[in-house]
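Student: let's see this in three dimensions:
(one chain, ligands or ions: 1)
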Amino acid sequence: MDWGMKNRLAQLIQRDGKVLFLPIDHGYFQGPTNKLEEPGKTVKPLLPYADAIMLTRGILRSSIDPENTKPIILRVSGGTSMARKEELSHEGIITSVKEAIRLNASAVSISIFVGSEREHETLLNLSNLVNECEEYGIPVMAVTAVGKELEKREARYLALACRIAAELGARVVKTYYCKEGFEKVTRGCPVPVVMAGGPKVESELEVFEFIHDGIQKGAIGVNLGRNVWQHDYPVAMIRAIRSIIHEGATPKEAQELFDEIKSGEKK
Ligand code: 5RP
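Tutor: All right, here's what the predicted structure looks like:
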């Protein structure tokens with residue numbers, strides 16, 4: 001592996017081998033998502049606790065101070081909207097590799113839709129992006145999005161999507177956690193796996209438990225958005241999650257930390 005690729009991966013994957021990525025890219029197809037109407041404001045208090053942020057070039061330029069030194073994972077696939085839900089898997093490449101270099105991205109991310117009508121196109125998008133990014137030493141993170149079959153979030157489907165992403169050259173793969181057989185997902189994927197959170201859930205303990213379990217079963221951390229910044233106490237949330245990922249806290253210890261920080265954080 002060349003120095004540039006190694007160095008970018010080292011910016012993302014911390015010395016303990018773990019990661020806490022904070023995605024704020026949801027607007028690229030959802031528009032002004034709840035609590036992400038002003039992404040710059042949302043992310044500011046959370047940045048010190050994230051290892052990297054994932055976003056589009058538009059939000060990076062408009063909402064993030066260029067003096068920011070947190071690594072950037074630039075979302076480079078899109079071109080769809082919630083207004084045409086049935087076509088969400090019809091993504092193309094929306095940002096060039098030259099632009100990613102200009103923006104000093106540490107990695108780029110792209111969605112693939114295994115199990116959808118557009119499976120083939122999105123897998124070729126990933127392959128072509130990897131071809132180009134490898135030339136410049138830029139890691140590609142594949143986002144295994146949820147096609148019809150994958151909606152079931154079963155280990156069998158998640159493992160299929162993750163393995164294909166790795167086979168096509170992704171350096172990191174983002175997937176969803178599943179209660180049954182998640183270890184099969186990570187074991188079958190020869191590159192690091194990170195977990196997304198999905199829609200906000202009711203109790204924070206549920207989030208702490210799945211992150212803890214996913215890490216025990218081989219994930220290296222999270223790329224988790226809504227369950228942090230849609231929470232009434234986002235700083236307490238990200239700090240508690242950080243304690244699980246980087247300090248080996250149990251879900252119970254994370255809950256205690258959350259409660260302690262929450263009492264000092266404004267709603
Ligand atoms: C949106 C994404 C998100 O970055 C990813 O799903 C993680 O966010 P969340 O934890 O809110 O699900 O790729 O398409």
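Student: name the nearest residue to residue 5, ignoring sequence neighbours.
Tutor: Spatial nearest neighbour of residue 5, excluding adjacent residues (Cβ to Cβ, 6 or more residues apart in numbering): residue 137 at 4.1 Å. Glycine gets a C-beta too; all of them are placed from N, C-alpha and C.
Student: list the contacts of that neighbour.
Tutor: By Cβ atoms under 8 Å, 6 or more residues apart in numbering, residue 137 lies in contact with 2, 3, 4, 5, 7, 8.
Student: ok, the second one - contacts?
Tutor: If I follow you right, that is residue 3. residue 137.
Student: cool, and the third one?
Tutor: Contacts of residue 4 were listed using Cβ under 8 Å, 6+ apart, and they are 136, 137, 138.
Student: which element, helix or strand, includes it?
Tutor: Taking DSSP states H and E as the definition, one finds residue 4 inside helix 3-12.
Student: again, but for residue 125
Tutor: Counting by DSSP H and E, residue 125 is part of helix 119-136.
Student: picking up where we left off before, the residue nearest to residue 5 and the ligand, how far apart?
Tutor: Per Cβ to the nearest ligand atom, to the nearest Å, residue 137 is found 23 Å from the ligand.
Student: separation between that residue and residue 197?
Tutor: 29 Å (Cβ to Cβ, to the nearest Å).
Student: what's the answer for residue 49, then?
Tutor: Taken as Cβ to Cβ, the span from residue 49 to residue 197 is 15 Å.
Student: let me see the ranges of the helices in this protein.
Tutor: Applying DSSP state H to the chain gives helices spanning 3-12, 27-30, 39-43, 57-63, 97-102, 119-136, 155-167, 182-187, 204-216, 226-229, 234-247, 251-262.
Student: where does the stretch 151-267 of the chain have low pLDDT?
Tutor: For the stretch 151-267 of the chain, the stretches flagged by pLDDT under 70 are 151-152, 266-267.
Student: give me every residue that touches residue 90.
Tutor: Counted by Cβ under 8 Å, 6+ apart, residue 90 has contacts 79, 80, 118, 121.
Student: so what's residue 25 scoring on pLDDT?
Tutor: Predicted confidence (pLDDT) for residue 25: 97.
Student: make that residue 67, sorry
Tutor: pLDDT, residue 67: 95.
Student: the ligand contacts on the stretch 151-267 of the chain?
Tutor: Within the stretch 151-267 of the chain, the positions adjacent to the ligand are 196, 197, 198, 223, 224, 225, 226, 227 by Cβ under 6 Å from any ligand atom.
Student: beta partners for the nearest residue to the third one once chain neighbours are set aside?
Tutor: It stands for residue 198. Of all residues not flanking residue 198 in the chain, residue 176 sits nearest, at 6.2 Å (Cβ to Cβ, 6+ apart). Applying DSSP bridges to residue 176 yields these beta-bridge partners: residue 196.
Student: so residue 176 sits right up against residue 154, yeah?
Tutor: No - counting by Cβ atoms under 8 Å, residue 176 stays clear of residue 154, with 10.1 Å between them.
Student: returning to what we had before: turn the residues of the stretch 151-267 of the chain next to the ligand into CSV, including neighbour count and distance to residue 39.
Tutor: CSV is the format used below for these (neighbours: other Cβ atoms under 10 Å; distance: Cβ to Cβ, whole Å):
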residue, neighbour count, distance to residue 39
196, 20, 17
197, 21, 17
198, 16, 19
223, 23, 16
224, 27, 16
225, 25, 11
226, 19, 13
227, 24, 16
